[in-house]
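Participant: Please work out how this folds:
(chains A, B, C and D)
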There are 4 protein chains.
Amino acid sequence: MEQQQFDTFDQRTADAMIAAHENITGLPAYLGARLVELTPGRLKLVMEVREELVTPVGAVHGGVMAGLVDHALGVVLYPLMKPAQWAATTEFKLNYLAAVKKGELVAESRVVSLGRRSAVVRCEVTNDGRLACVAQGTLLISDPPGKPKA
Amino acid sequence: MEQQQFDTFDQRTADAMIAAHENITGLPAYLGARLVELTPGRLKLVMEVREELVTPVGAVHGGVMAGLVDHALGVVLYPLMKPAQWAATTEFKLNYLAAVKKGELVAESRVVSLGRRSAVVRCEVTNDGRLACVAQGTLLISDPPGKPKA
Amino acid sequence: MEQQQFDTFDQRTADAMIAAHENITGLPAYLGARLVELTPGRLKLVMEVREELVTPVGAVHGGVMAGLVDHALGVVLYPLMKPAQWAATTEFKLNYLAAVKKGELVAESRVVSLGRRSAVVRCEVTNDGRLACVAQGTLLISDPPGKPKA
Amino acid sequence: MEQQQFDTFDQRTADAMIAAHENITGLPAYLGARLVELTPGRLKLVMEVREELVTPVGAVHGGVMAGLVDHALGVVLYPLMKPAQWAATTEFKLNYLAAVKKGELVAESRVVSLGRRSAVVRCEVTNDGRLACVAQGTLLISDPPGKPKA
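Facilitator: Below you'll find the model as predicted:
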């Protein structure tokens, strides 16, 4: 297939996102997600499967993976959008492929379609090299509140 | 449509789940999810949208909703399964319907199909009475490790 | 949850859709789908599972159900939209719950969220009273080509 | 990620599937889908967007794409399964990325996870080189009826 081009990619935004992500709060901080790569249409997030995230059944809670995926789907868009625009997941679907017990989760996103107002993004999560989750979803791109949509 | 019956519902398991959920750890504890109802084929989880879970853009992180949904999809099955069986989400899909800024999230699950080895469950999340998320997914039902699958 | 209201429902459009559907061509005609009800935010389509649609394995081809669902997700919106607007599915997900061998398929859609530019719709398909498929998806609402989007 | 290996791939089954597909009936025949490649974990189906499949709005009916995707998700598994086993989609999700008006649809499936009883498959549909649809779903692998599941 024709490879999607990302002419609007802004390296400085990507660098700033990576730097800012170190001080992120809320759910991504709880998960311990680190943003380690942010290139045109692609992203890599890494987190440790610490013991607290594993259920009594012995596998990482599905919601941990889902939270990581939701985060990975949205962050990849920031260097592709206009300044002050923001992206929000409007829907996604994921398949868990393997029970994860320990080690690292690596989430890699890839933008498969980018329009002015929305994007479709795919994400794969691996656990120590083994595919553990595949996802795809839609992101809505919004202008900053108060700014005219001229 | 024909209403699904849940003859295997065990009230004592449901009561024990509700009691045990107060001491749950990991992601559900981080979210602050409380299990308030567990009836045949149905469940209600409630959590507060505390400030930490809201992103700088001013809405609850999508991963919070996704984590809550994943949890709600699985827990509803426990009183319907045999003792020591466990349920794991194998896939789900969700649509976010509204940005959530504060108040309570109420996740309600409903089992729409239950087999010996899998189930399909739907979940709706409301925010102070307004529908905020709809989801549907598949759960795999597993026997305890080491037990023969006779 | 708060029930979604559909103040924009236009009965004449609904009546016209039902009448026009009898002469529909393409995939819906191949499936033999009949539009039998179109009320505010709801729809009912019915089709016979004729032998040609059943695979050698003895169950209706999944693509038949998927095609019926896609159709059911979009048509429900027409009486709710402005004249000359049109709706297109942008994404959906479905779970097959039972193998269908014969009889009737009844697809019932319900609009769960309606905005100016998009809607989220759920659909259930029953086969002779038994739930056979559940789906949910997003529809995009478009203005007629050439018309200014003032 | 670690590439999935498909040691069970049977070339004769693949050849037989391609030959048999020319005489397929039902929905795939209506769509005009031709099976042109079937290799380990991968498949390519091609169909023409003939006028009948295009709605009055000027784009191919979404259900056509959905039917093609459902077919593409399942057929890829046959050369990987034991003789007489069969595969049925139990769930899938798709995102439409572009309106398709004419030309060819090429559906390419890739098995991302294969177990004894189920598989997860992804599918991409292109229209004259442009990505038009991405999908992912779960297939259930069944033994032939009447055969003991020893």
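Participant: Tell me how far the spatially most central residue of chain A lies from A:Val36.
Facilitator: The centroid of chain A falls nearest to A:Ala72 when counting by CA atoms, centre = their mean (0.6 Å). Distance of A:Ala72 to A:Val36, given as CB to CB, to the nearest Å: 12 Å. Any C-beta I mention is one placed from the backbone N, CA and C, and that applies to glycine too.
Participant: Over to the residue nearest to the centre of chain A. Which of the three states is it?
Facilitator: Per DSSP: H, G, I helix; E, B strand; the rest coil, the local secondary structure of A:Ala72 is helix.
Participant: That one and B:Leu73: what is the separation?
Facilitator: Using CB to CB, which is the criterion applied here, A:Ala72 is 20 Å from B:Leu73.
Participant: now do A:Glu37
Facilitator: From A:Glu37 to B:Leu73 the distance is 31 Å (CB to CB).
Participant: neighbour-wise, which of these two wins?
Facilitator: B:Leu73 (31 against 13; other CB atoms under 10 Å in any protein chain shown).
Participant: Without its sequence neighbours, what residue ends up closest to the residue nearest to the centre of chain A?
Facilitator: Excluding the flanking residues, the one nearest A:Ala72 by CB to CB, 6 or more residues apart in numbering or on different chains is A:Ala107, at 4.1 Å.
Participant: Show me what the host helix or strand of the one you found packs onto, helices and strands only.
Facilitator: Assigned by DSSP states H and E, A:Ala107 belongs to strand A:104-114. Contact here means 3 or more CB pairs under 8 Å, 6 or more residues apart in numbering or on different chains; DSSP states H and E; on that basis strand A:104-114 packs against strand A:42-48, helix A:62-75, strand A:118-127, strand D:130-142.
Participant: residue contacts, the residue nearest to the centre of chain A?
Facilitator: Going by CB atoms under 8 Å, 6 or more residues apart in numbering or on different chains, A:Ala72 touches A:Leu43, A:Leu45, A:Ala107, A:Glu108, A:Ser109, A:Cys123, A:Val125.
Participant: Redo those as JSON lines? Include neighbour count and pLDDT.
Facilitator: Formatted as JSON lines, the contacts of A:Ala72 follow (neighbours: other CB atoms under 10 Å in any protein chain shown; pLDDT from 0 to 100):
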{"residue": "A:Leu43", "neighbour count": "28", "pLDDT": "98"}
{"residue": "A:Leu45", "neighbour count": "26", "pLDDT": "98"}
{"residue": "A:Ala107", "neighbour count": "26", "pLDDT": "98"}
{"residue": "A:Glu108", "neighbour count": "18", "pLDDT": "98"}
{"residue": "A:Ser109", "neighbour count": "26", "pLDDT": "98"}
{"residue": "A:Cys123", "neighbour count": "24", "pLDDT": "98"}
{"residue": "A:Val125", "neighbour count": "27", "pLDDT": "98"}
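Participant: between those residues, which is closest to B:Gly62?
Facilitator: B:Gly62 lies nearest to A:Cys123 out of these, by CB to CB, at 12.7 Å.
Participant: who's that closest one bridged to?
Facilitator: Beta-bridge pairing of A:Cys123, defined through DSSP bridges, involves A:Ser109, A:Ala135.
Participant: what about whichever residue of chain A sits closest to chain C, distance to B:Asp10?
Facilitator: Residue nearest to chain C within chain A: A:Lys93 (5.4 Å; CB to the nearest CB). Taking CB to CB as the measure, A:Lys93 falls 31 Å from B:Asp10.
Participant: Mind checking which of these two has more residues around it?
Facilitator: It is A:Lys93, of A:Lys93 and B:Asp10, that has more neighbours when counted by other CB under 10 Å, with 29 against 17.
Participant: ok, now which ones touch the more buried one?
Facilitator: A:Ala135, A:Gln136, A:Gly137, B:Glu91, B:Phe92, B:Lys93, B:Leu94, C:Lys93, D:Lys93, D:Gln136.
Participant: which pair in these spans the largest distance?
Facilitator: It's B:Leu94 and D:Gln136 that sit farthest apart of those, by CB to CB, at 14.8 Å.
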